[in-house]
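*Asks:* Coordinates for the following, if possible.
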Amino acid sequence: MNSSLPADPSPMASGHETLVALADLLEQEYAAFKQADGAAVTAIAATKRRLTETLSRLETTSDGQIEPADSPRQEQTADLARHCRDLNRRNGQLLALQQGMLTRAMRVLMGTEQSPALYSASGESRPQVGSRHIASV
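*Replies:* Have a look, this model is predicted:
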C-alpha cells in the first residue's frame with residue numbers, strides 16, 4: 001500500500017476533524033482489503049481503534065454529541081459520521097466476502113469441499129468421480 005496512514009488527531013481535535021481522519025482511514029482500509037495487504041490492514045486496525053476511542057471520549061464528555069449542538073459544523077459532522085458508518089459497512093461486506101472465498105478455497109485444498117453431484121443418463125445422482133484429497137496443512 002503506497003499511501004501513509006493519517007496522523008492521529010491531536011487530543012484537542014474536534015469530532016469533525018477526527019471523523020475526517022477516520023473517513024480517510026476507512027478508504028485506505030478498503031484499498032488494503034482489495035489488495036490483500038495484511039500488513040496495511042493490521043496497521044490500519046490499530047489506528048482505527050485509536051480514532052474510535054477518541055470519538056467515544058468526545059461523546060462521553062459532550063452529552064453524547066461528537067460536536068457541540070451549537071457548533072456551525074454540527075450538521076456536517078452528523079453527515080460525516082453517517083458516511084463513516086457506510087464506509088465501515090462496505091469494508092465489512094468486502095471482508096466477509098473475502099473470508100468466505102478463503103474458507104471455500106481452504107476446504108477445496110483440504111478435500112473437505114462437497115462437490116456437486118453428477119447425474120447419469122438415467123437421472124440418478126452419483127458423487128463426482130476424481131475428487132480426492134490434495135494435501136494436508
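*Asks:* alpha carbons only for contacts and neighbour counts from here, please
*Replies:* OK.
*Asks:* can you tell me which helix in the chain is longest?
*Replies:* Identified as the longest helix of the chain according to DSSP state H is helix 74-110.
*Asks:* Which positions in it come out as buried?
*Replies:* 74, 77-78, 80-81, 84, 87-88, 91, 95, 108-109 (16 or more other CA atoms under 10 Å).
*Asks:* which one of those residues sits closest to G123?
*Replies:* Using CA to CA, V108 is the member of these that lies nearest G123, at 26.2 Å.
*Asks:* how much space between that closest one and A45?
*Replies:* The gap separating V108 from A45 is 30 Å, by CA to CA, to the nearest Å.
*Asks:* and if you look at G111?
*Replies:* Distance from G111 to A45, counting by CA to CA: 33 Å.
*Asks:* related to what we said a few turns ago, show me what the longest helix of the chain is packed against.
*Replies:* Applying 3 or more CA pairs under 8 Å, 6 or more residues apart in numbering; DSSP states H and E, we find helix 74-110 packed against helix 15-35.
*Asks:* Run the angle between the helix it packs on and helix 74-110 for me.
*Replies:* Angle of helix 15-35 versus helix 74-110, following axes from the mean of the first three to the mean of the last three CA atoms, to 10 degrees, is 20 degrees.
*Asks:* pLDDT of helix 15-35, averaged?
*Replies:* Averaged across helix 15-35, the pLDDT comes to 95.
*Asks:* Buried ones in the following helix or strand past that helix, by neighbour count?
*Replies:* Per DSSP states H and E, the first helix or strand lying C-terminal to helix 15-35 is helix 38-61. Using 16+ other CA under 10 Å as the test for burial, helix 38-61 gives 40-41, 44, 47-48, 51, 54-55, 58-59.
*Asks:* By mean pLDDT, flag the weakest helix or strand of this structure.
*Replies:* Ranking every helix and strand in the chain by mean pLDDT, DSSP states H and E puts strand 125-126 at the bottom, with a mean of 64.
*Asks:* Roughly how far does the residue of the chain most remote from its centre sit from A105?
*Replies:* Farthest-out residue of the chain from its mean C-alpha position, per CA atoms, centre = their mean: S122, at 47.8 Å. Plainly put, S122 is 32 Å away from A105 if you go by CA to CA.
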